[in-house]
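Chemist: Fold the following for me, if possible:
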Amino acid sequence: MEEMLSTLRALVGRGDEGEDALLGVLLSQARAAVLGITGRTELPEGLKGAVVDLAVLRYNRRGMEGETQRTEGGVTAQMEALPEDIRRQLRRYTLAKAGVERCANG
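Modeler: This next block holds a predicted model:
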């Protein structure tokens, strides 16, 4: 987790440790979201980048929670709930869900 925190700090431009509490919370939330989406209980090494990317996204969207679109200076930006590049990373690690088929006779 310390390695991911260090990476997150660098990506959001926070070299100091003043925001570590906030960044730690964002990493924990991103980790929980990634595990929930992929159906896993442990975080594989290959998903650490997705966790950091999601934490960066959440950091950058602070104060914009719930918005799907924003217009500033005549420029409109659409916001995806989960950008496609992060979705692609998660898809490779998503576990298949087993279903139970019901028999027509009972």
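
Chemist: the helices in this protein, which residues?
Modeler: With DSSP state H as the criterion, the chain has helices at 2-11, 20-38, 48-60, 84-91.

Chemist: contacting residues around the last one?
Modeler: Counting by C-beta atoms under 8 Å, 6 or more residues apart in numbering, helix 84-91 makes contact with Val34, Ile37, Thr38, Leu47, Gly49, Ala50, Asp53, Leu54, Leu57, all of which sit outside it. Quick note: C-beta positions are derived from backbone N, CA and C, even for glycine.

Chemist: Put the buried members of those into a PyMOL selection.
Modeler: For the buried members of the contacts of helix 84-91, the matching PyMOL selection, counting by 16 or more other C-beta atoms under 10 Å, is:
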select buried, resi 34+37+38+47+50+53+54+57
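
Chemist: How about the contacts made by Leu11?
Modeler: So Leu11 contacts Val52, Val56 (C-beta under 8 Å, 6+ apart).

Chemist: quick one on the thing from earlier: quickly name whichever of the contacts of helix 84-91 is closest to Ala96.
Modeler: Nearest to Ala96 among the contacts of helix 84-91: Thr38, at 10.8 Å, using C-beta to C-beta.

Chemist: I'd like to know how far that closest one sits from Gly46.
Modeler: 11 Å (C-beta to C-beta, to the nearest Å).

Chemist: Pull up the overlap in contacts between these two.
Modeler: By C-beta under 8 Å, 6+ apart, the residues touching both Thr38 and Gly46 are Tyr93.

Chemist: Return, as residue ranges, the portions of the protein with sub-threshold pLDDT.
Modeler: 15-16, 65-70, 76-80, 98-106 (pLDDT under 70).

Chemist: returning to that earlier point: of all the helices of the chain, which one is nearest Glu72?
Modeler: Among the helices of the chain, helix 48-60 sits nearest to Glu72 (C-beta to C-beta), with 14.6 Å.
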